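Trainee: Let me see the structure of the following:
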Amino acid sequence: MLFGNDRCATFSAPAAFGESVLPLWPKLQDCDAQPRDKAFAGQSASVVLPGISAIAASFTSLRVAVADNTRASVSFKLQGHNELRVQNQKLELTGPRCVFIPAGSGPQEAIGQGQNVLMLQLDPHGLHMAARALRGLEAGCPVDLDQGRVRFLTSQTGPSLEALARHIGATIHLHLDQPEVLHRLGFQDFVYRQLVLLFRPDWLTAEIRPPRPGSLRERLAVDKVCDAMLAEPGARFTLSELAQLGCLSVRALQYAFQHRFGQSPLQWLRDQRLATARQRLLQDSADTIAQIAMDCGFASASSFSAFYRERYGELPAQTRTRRF
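Mentor: As a prediction, the model looks like this:
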C-alpha cells in the first residue's frame, strides 16, 4: 500500500473491509469478493485532515456498490484491473490511472482485482483556492476545472501519476501517527495544487505574466501579504492562501519576496516570528518557552529552539536569562 503498511487493518472478509470505509463512504450498499468462490484478503489505512481525507487500500478481488458519493473523490489506481460503472458510463482502468468522480454522481459499481489504490476525498473550496493561487486570481474569481463530470485526470507524462501518488502516500506515511503535523506542514495545499494541474495540464505551459519587479502592483501585493502574516503571528499560512491574498500566482509571489527581501514568503514569516518570540523572551513574561513558541506559530518547542539558535546564535533559554 502507499501508506500505513505497518499500521493498517487487515481483512479476510469483504464485508469487514466495507465497514472500515463506511465513515468516509456512508452510502456504501454492497461489498463482496469477485469471483465469489475465492478467498478474500485486503488491507486499508486512512487519515482524515481538514479539507481532505485519504485511504490506501489493497485487496485481491472486490465488488463495491454505492448509492452515491457525498464528497468529490479522486482515485489513483497503481496496480490491477478495475471496471467502474457510474452515470451510465463504463470506465476500464488498466495500468496506472487516475479518475475523478464529483459529489452526487448517483449509483456506482466498481469491480477490481489485484488492486493497490489511493483514494482522496476533496473539498471543492480548497481545490478552487489552489487554482486561483496558481493563476494569480483574486478570491472569488471563477476558475474552470471541469469538475461537473466523471473523467480521467491526466498528466503530460504517464509515469507522473504514479510518482505523484507515491509521493503523497510517502508523506502521509511519514506522519501517520501525528496527522496534525501534516496539517501544519500545509500538506493539503500541496496536494490541491498538484491536483489542479491534473485537472488543467494546459496550465503547465500557459503564460502568466507576473507584475514587473519593483512595480507598484508588486509592492502593494507584498505589503498586503506581509500585513496579513504579521496580524496573526501564530496562524498557519499556505502559499496558495498568501498568493490569493496578494492576487498573484504562487510563483509570482515567491519572485516578489525574493526580489524585495532576498527570501521566500515563508522564510520571511519565520524570521518575523523569531523576532516576535525574541522580544517576548526579553520582556518580563511568565510564559514558558513552549507557550511562546506555539503563540508565534512554531510546531514545537524543539523546532523553535533549533531555528532560534540558527538565527541568533543562542538558545531561547539563554536569551531569557539576560532579563535578570
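Trainee: Alpha carbons of stretch 221-236, in CSV - could you do that?
Mentor: Once non-C-alpha atoms are left out, stretch 221-236 reads as follows in CSV (Å, rounded to 0.1, in the frame of the first residue of the first chain):
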residue,chain,number,x,y,z
ALA,A,221,0.7,42.9,-3.2
VAL,A,222,3.7,42.1,-0.9
ASP,A,223,2.6,44.8,1.6
LYS,A,224,-0.8,43.2,1.8
VAL,A,225,0.6,39.7,2.3
CYS,A,226,3.1,40.9,4.9
ASP,A,227,0.4,42.8,6.9
ALA,A,228,-1.8,39.7,6.9
MET,A,229,1.0,37.5,8.3
LEU,A,230,2.1,40.0,10.9
ALA,A,231,-1.5,40.4,12.1
GLU,A,232,-1.7,36.7,13.1
PRO,A,233,1.8,35.6,14.0
GLY,A,234,0.5,32.2,15.3
ALA,A,235,-1.7,31.4,12.3
ARG,A,236,-0.9,28.7,9.7
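Trainee: For it, give the mean pLDDT please.
Mentor: Across stretch 221-236, the average pLDDT comes to 88.
Trainee: So which bits of it are buried?
Mentor: 221-222, 225-226, 229 (16 or more other Cβ atoms under 10 Å). From N, CA and C alone the C-beta is placed, and that goes for glycine too.
Trainee: same check, this time on stretch 269-281
Mentor: Neighbour-count burial for stretch 269-281, counted by 16+ other Cβ under 10 Å, picks out 269-270, 273-274, 276-278, 280-281.
Trainee: Return the closest of those residues with respect to F190.
Mentor: Nearest to F190 among those is L269, at 17.1 Å by Cβ to Cβ.
Trainee: Which parts of the chain are strands?
Mentor: Assigned strands in the chain, in chain order: 9-11, 28-32, 42-49, 52-66, 73-86, 89-94, 97-101, 108-122, 151-152 (criterion: DSSP state E).
Trainee: For the fifth one, what is the distance to the chain centroid?
Mentor: The one in question is strand 73-86. Its chain's C-alpha centre and that of strand 73-86 lie 21 Å apart, by Cα atoms, centre = their mean, to the nearest Å.
Trainee: in this protein, which residue is closest to the centre?
Mentor: Most central in the chain under Cα atoms, centre = their mean is Q188, positioned 2.0 Å from the mean C-alpha point.
Trainee: That residue and A131, how far apart?
Mentor: Separation of Q188 from A131 (Cβ to Cβ, to the nearest Å): 14 Å.
Trainee: likewise A165?
Mentor: For A165, the distance to A131 - Cβ to Cβ - is 20 Å.
Trainee: before we move on, the earlier item: closest to I55 out of the buried residues of stretch 221-236?
Mentor: Here the nearest of these to I55, counting by Cβ to Cβ, is M229; it sits at 34.1 Å.
Trainee: Hmm, L269 and that closest one touching each other?
Mentor: Yes. Contact criterion Cβ atoms under 8 Å: M229 and L269 qualify, at 5.0 Å.
Trainee: can you list residues touching both of these two?
Mentor: Common contacts of M229 and L269, defined by Cβ atoms under 8 Å, 6 or more residues apart in numbering, comprise F237.
Trainee: ok, A15 - contacts?
Mentor: Contact analysis of A15 by Cβ under 8 Å, 6+ apart lists 31-32.
Trainee: Which per-residue confidence value corresponds to it?
Mentor: Value listed for A15 in the pLDDT field: 87.
Trainee: Skipping adjacent residues, who's closest to R309 in space?
Mentor: L315 (5.6 Å; Cβ to Cβ, 6 or more residues apart in numbering).
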